[in-house]
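Asks: sequence and predicted structure are below.
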Amino acid sequence: MDRDRSKDAKKTRIGGRALRPESLMMSYGYDPRLSEGALKCPIFQTSTFVFESAEQGKAFFEVAYGLRERRAEEHTGLIYSRLNNPDLEVLEDRLTLWDGAEACTVFESGMAAIATTLLAYARPGDVILYSRPLYGGSEHLLQHFFSQYGVTAIGFMAGLPSAEIESLATREIAGRPVAAILIETPANPTNALVDIAGMSDFARRLANGDRRPMLVVDNTFLGPLWQQPLKHGADLVVYSATKFLGGHSDLIAGACLGSHQALAPVRGLRTFLGTMASPWTGWLLLRSLETLKMRMTASMKNARYVADFLRDHPRVRQVHYLGHLEAEHPMYQVYRRQCTAPGSLISFEVDDGEPGAFRFLNALSMVKLAVSLGGTESLAEHPFSMTHADVAVEAKARLGLTPGLVRLSVGVEHYEDIVADVAQALESV
Ligand SMILES: Cc1ncc(COP(=O)(O)O)c(C=O)c1O
C-alpha cells in the first residue's frame, strides 16, 4: 500500500469547511490501514526499517540525502529512526497545523531544538542577537558555547521599542554578519514582549547579499494556541515541547517549525547530530496534542483569577501578567497584534526579597515547588536562584530578575483551590 499518508489522512476540509486544528489532532497524518486498522497510531519502537528491494533502499537514500530531485508523487521512505519514524512524522504533521507552518522537525528536548537550529545557521565570525531575559539554558549556550567557536552573542532588552533595539544593536554588531535573531516573547519570567514583526523588518535590513539573519522565536510560553509567530514574519519557531505541548510534566522534547526551505538545514543537521526525538516521546506527544486546546484554555482562564487576586494582595508589590496590560502601556499594541490571550504564566514580586519569596514557596501546599511550566499542575519557582541563577548579578537587576520574584505556572486545577493555596502561602511572607 502507498505509504504516502497525505492522500487520505491529510484531508483538512469537509466540503467547503476548513477543519480546526483541535478537530484534526485525533486523526491527521495517520492512516489506520497501514497499521492493521489500529485506531491509534502505534509506537513504532524500531531502530530501522526493512526495504522491499535493494532498488527501493537506494531510491530512499537518494531522496533522503538530496542526491537527486524527488520525483512527482515520491515520498521520503522510512530508512532508520535517526532520520525518520512514523510516530515522529505524524507528530510533525500535526504540529504544523497549529502554527500554520509548512514543515516541522521534532527533537528530544527544547535545548536540542534550539542548539540544532542555531548551529545550522551560525558560522565563525557571525553574531547572534538575542532578547533578554532569555531561558537560562539558551543564554548559557550562546554565551559559553557559541563564543568558543567565534560566534558573538549580543543581547538586547525585551520590552523596548523595536527602533531603540535596532539602533542599539546595530552599533554593537559593527558591520559583522548576523546569523540569527533569537527572541523569546513573552520573556521568561518577566512577560516583557518583543515585537515579532518589528524584529522581522530589522532582520531584513540586516541582510547582506543573499544572506539574511533568521528570525527565530522561542514560542514556548504562549504557543501554539495564543501566539503564532510565523504569521508575523518569523522564519522559524522553536518550542520546548516539554511544556504545554507535552503538558503533563512527564516528557522532555522540542520542536522547530517553518517553511521547507528555512527548516531544511535544521532537519539535515538533526540527522547528523542525532538530536531527534524517540518514537516513545513522539507517541506521548501525539496523545498530549489531543487535549492541547482544552488544557491551555483551562489554565489560561485560571490564571486570570490568580493574577487578579495577586494584584490586590498587600504582600505583593508587582504582578507581571499579560492580561493586566492597559491601553497606555508601551507594549499594549504589540500584545494586541501578536497575542490572542495572556496565557498562564505569572511572575510577581513579594515583600522582603529572597527570604520573603522562599517563605512563600516553602509554605505552598497543593502548588508544587519545581522548575518547568505548562503542565496540568500548578508549579512555582524562584527565577533569581533557580532557572536564571547563571545570569550575572548586575544583569539580573537590569532585566527585572529580582530576589523577591516568584514565577507561577498556573495549571488546570479548580481556580479557587489555586487561589486558596497562594493566599495561605502569602501569609508566611
Ligand atoms: C522558554 C524555554 N525555552 C527552552 C527551554 C528548554 O527546553 P527543554 O528543557 O525541553 O530542553 C525551556 C525550559 O525550561 C524554556 O522555558
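Replies: Cool, the structure landed.
Asks: list the buried residues for the one helix or strand Tyr335 maps to?
Replies: Tyr335 is located in helix 332-338, with elements delineated by DSSP states H and E. Buried residues in helix 332-338, counted by 16 or more other C-beta atoms under 10 Å: Val334, Tyr335, Gln338. In short, each C-beta sits where N, CA and C put it, glycine included.
Asks: and for stretch 318-327?
Replies: By 16+ other C-beta under 10 Å, the buried positions in stretch 318-327 come out as Val319, His320, Tyr321, Leu322, Gly323, His324, Leu325.
Asks: quick one: residues in contact with that stretch.
Replies: With contact meaning C-beta atoms under 8 Å, 6 or more residues apart in numbering, stretch 318-327 is reached by 186, 189-193, 303-304, 307, 310-311, 331-332, 335, 339, 342-343, 346-349, 400.
Asks: how about the CA coordinates for the helix holding Tyr335, as PDB?
Replies: Listed next in PDB are the C-alpha coordinates belonging to helix 332-338 (Å, rounded to 0.1, in the frame of the first residue of the first chain):
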ATOM      1  CA  TYR A 332      -0.100  47.100  24.600                       C
ATOM      2  CA  GLN A 333      -0.300  47.400  20.800                       C
ATOM      3  CA  VAL A 334       2.300  44.700  20.400                       C
ATOM      4  CA  TYR A 335       0.300  42.400  22.600                       C
ATOM      5  CA  ARG A 336      -2.900  43.100  20.700                       C
ATOM      6  CA  ARG A 337      -1.200  42.500  17.400                       C
ATOM      7  CA  GLN A 338       0.600  39.300  18.100                       C
END
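Asks: what packs against the next helix or strand after it?
Replies: Downstream of helix 332-338, the first helix or strand assigned by DSSP H and E is strand 345-350. Packed against strand 345-350 by the contact rule (3 or more C-beta pairs under 8 Å, 6 or more residues apart in numbering; DSSP states H and E) you find helix 292-311, strand 316-320, helix 353-363, strand 405-409.
Asks: any part of strand 345-350 near the ligand?
Replies: No: Strand 345-350 does not reach the ligand (C-beta under 6 Å from any ligand atom); its nearest approach is 9.5 Å.
Asks: what's the mean pLDDT across that strand?
Replies: The predicted model gives strand 345-350 an average pLDDT of 98.
Asks: now do stretch 282-298
Replies: Stretch 282-298 comes out at a mean pLDDT of 98.
Asks: before we move on, what about stretch 365-379?
Replies: Regarding stretch 365-379, the rounded mean pLDDT is 98.
Asks: so where's the stretch 101-250 of the chain uncertain?
Replies: Along the stretch 101-250 of the chain, the model assigns pLDDT under 70 to no residue.
Asks: what parts of it come near the ligand?
Replies: When proximity is defined by C-beta under 6 Å from any ligand atom, the stretch 101-250 of the chain lies next to the ligand at Ser109, Gly110, Met111, Tyr135, Gly137, Ser138, Glu184, Asn188, Asp218, Thr220, Ser240, Thr242.
Asks: touching, the second one and Val237? I think so.
Replies: No: between Gly110 and Val237 there is no contact, the gap being 11.9 Å when judged by C-beta atoms under 8 Å.
Asks: of those two, who's got more company?
Replies: Applying other C-beta atoms under 10 Å to Gly110 and Val237 shows that Val237 carries more neighbours, namely 29 against 25.
Asks: re earlier: inside helices: which ones of the residues of the stretch 101-250 of the chain next to the ligand?
Replies: Mapping those onto helices (DSSP state H) picks out Gly110, Met111, Gly137, Ser138.
Asks: wait, which of those residues is closest to the ligand?
Replies: Minimum distance to the ligand across these is 2.3 Å, recorded for Gly110 (C-beta to the nearest ligand atom).
Asks: and the gap between Tyr130 and the ligand?
Replies: 12 Å (C-beta to the nearest ligand atom, to the nearest Å).
Asks: what bridges to that residue?
Replies: With DSSP bridges as the criterion, Tyr130 is bridged to Gly155, Leu182.
Asks: count the residues that sit near it.
Replies: Each residue near Tyr130 was counted by other C-beta under 10 Å, and the total is 23.
Asks: close to the ligand: what parts of the stretch 251-400 of the chain are there?
Replies: Ile252, Gly254, Ser372.
Asks: may I ask which of those residues has the most neighbours?
Replies: For those, the largest neighbour count, defined by other C-beta under 10 Å, is 28 neighbours, found at Gly254.
Asks: now it: phi and psi?
Replies: Phi and psi for Gly254, reported as degrees, to the nearest 10, are phi -150, psi 170.
Asks: list the contacts of it.
Replies: Applying C-beta under 8 Å, 6+ apart, the residues near Gly254 are 106-114, 238-242, 277.
Asks: for the ligand, see how far away Val50 is.
Replies: 33 Å.
Asks: that residue in helix, strand or coil?
Replies: Three-state assignment for Val50 (DSSP: H, G, I helix; E, B strand; the rest coil): coil.
Asks: tell me the pLDDT of it.
Replies: In this prediction, Val50 carries a pLDDT score of 98.
Asks: ditto for Asp4
Replies: 56.
Asks: so what's the residue of the stretch 151-300 of the chain found nearest the ligand up against?
Replies: Closest contact between the stretch 151-300 of the chain and the ligand, by C-beta to the nearest ligand atom, is at Ser240 (3.0 Å). By C-beta under 8 Å, 6+ apart, the contact list for Ser240 reads Ser109, Gly110, Met111, Ala113, Tyr135, Asp218, Thr220, Ala253, Gly254.
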